[in-house]
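Colleague: Predicted model, plus sequence, below.
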Amino acid sequence: MWTTLKCRDVWRPCLYIYLSLALGLHIHEGMFYWYTDAKEGPSFSQEVVGSIFSVGAVGSLFGVLLYQNFLKNHPFRDILFWAQLLHGVSGLLDLVLVLRINLKLGMPDYFFVVVDEAVSRMIGRIKWMPFLVLSSKLFPSGIEGTFFALIMSIDQIGLLSSAWSGGLVLHMLNVTRTQFDNLWIAIVIRSPLRLIPIGFLFLMPRSDPNLSILPSEMLRTKRGNDVLEPENIEMATLVNSI
């Protein structure tokens, strides 16, 4: 496995996956408390917040369908460039909400938050799908299960780094369950950080997403000289069953 990790075509995508997730700056806890605050926020009940997250789940599913039907054959770099760019820009919707600009435009809080959640989750899912497809192409023969667990661990470490850094930013800005004066600053910090991974897109392969990424010697089976042919990953069964 160490030999595989030292391969340039393996460690570079793994590094990008970590950076893309870690620089997301998770501040959802601060936003959640703001949602339910009666003084400064829209004072949503827990049921309303639950319904908002449910709509977000639908948006996430829609992102999967978009990727499967329209984006799966596009190069990883192209998809990630636009997904990362939209991911950073969509984060500014929270700024519009926290500064109450939506009310000045005549848009109710609930409607705006639902649209924000659906769009953000859809973009986030489109950004994540290339990672899953790419990960499936990095498994050398014989240690597929171990290597899959390793790559998923990299994903989780990236998400944990995002949560820790987001919590640190909220703490430094004195954003608490009842204090939200500086929440908008956290949102402003988060948005440009989401754009930084665009500068590291050179770490991702430029090749056709349907082609193999690993060198041929890493694709050989245990029997000797047979080379595993890369399979085109399809989700047709899942999509058609919905």
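Modeller: In hand now; what should we look at?

Colleague: rest of the way, CA atoms for contacts and neighbours
Modeller: Will do.

Colleague: Glu144 and Val119, how far apart?
Modeller: Glu144 is 34 Å from Val119, where distance means C-alpha to C-alpha, to the nearest Å.

Colleague: ok, those two, which is more surrounded?
Modeller: Val119 (24 against 15; other C-alpha atoms under 10 Å).

Colleague: doesn't Gly59 make contact with that one?
Modeller: Yes: using C-alpha atoms under 8 Å, Val119 is in contact with Gly59, at 6.5 Å.

Colleague: I'd assumed Arg77 was in contact with Leu71.
Modeller: No: taking C-alpha under 8 Å as the definition, Leu71 is not a contact partner of Arg77, at 11.7 Å.

Colleague: neighbours around Ser45, how many?
Modeller: Count around Ser45 with other C-alpha under 10 Å applied: 13.

Colleague: just the one 4 residues further on next, same as before
Modeller: Around Val49 sit 17 other residues, with neighbours defined as other C-alpha under 10 Å.

Colleague: What are the neighbouring residues in contact with it?
Modeller: Going by C-alpha atoms under 8 Å, 6 or more residues apart in numbering, Val49 touches Tyr35.

Colleague: if I look at it, how far off is Gly91?
Modeller: 18 Å.

Colleague: now swap in Ser207 and tell me
Modeller: For Ser207, the distance to Gly91 (C-alpha to C-alpha) stands at 30 Å.

Colleague: Who has more neighbours out of those two?
Modeller: Gly91 (20 against 13).

Colleague: The closest residue to Ile198 other than its chain neighbours: which element?
Modeller: With C-alpha to C-alpha, 6 or more residues apart in numbering as the criterion, Ile198 has its nearest non-adjacent residue at 6.0 Å, and that residue is Phe81. Assessed by DSSP states H and E, Phe81 sits inside helix 76-90.

Colleague: Which residues does that helix contact?
Modeller: So helix 76-90 is contacted by 71, 116, 119-120, 123-124, 126-127, 130, 190-195, 197-198, 201, 204-206, 208-209 (C-alpha under 8 Å, 6+ apart).

Colleague: residue boundaries of the strands in this protein?
Modeller: For the chain, applying DSSP state E gives no strands.

Colleague: Give me the mean pLDDT for stretch 109-118.
Modeller: Averaging pLDDT along stretch 109-118 gives 95.

Colleague: all numbers from here: first residue = 880
Modeller: In the new count, where the first residue is 880, that last one comes out as stretch 988-997.

Colleague: May I see the buried residues of that stretch?
Modeller: By 16 or more other C-alpha atoms under 10 Å, the buried positions in stretch 988-997 come out as Asp988, Phe991, Val992, Val993, Val994, Asp995, Glu996, Ala997.

Colleague: Pull up the distance across stretch 971-991, start to finish.
Modeller: 12 Å.

Colleague: Could you report the pLDDT at Ser1015?
Modeller: The confidence metric pLDDT takes the value 79 at Ser1015.

Colleague: For Cys1084, report the pLDDT, please.
Modeller: Slight slip there: residue 1084 is Pro, not Cys. Predicted confidence (pLDDT) for Pro1084: 87.

Colleague: Now do it against Pro1009, distance only.
Modeller: The spacing between Pro1084 and Pro1009, counted by C-alpha to C-alpha, is 11 Å.

Colleague: Pull the contacting residues for Arg1000.
Modeller: Gly935, Ala936, Gly938, Ser939, Gly942.

Colleague: I'd like to know which of the residues you listed are buried.
Modeller: Going by neighbour count (16+ other C-alpha under 10 Å), the contacts of Arg1000 have Gly935, Ala936, Gly938, Ser939, Gly942 buried.
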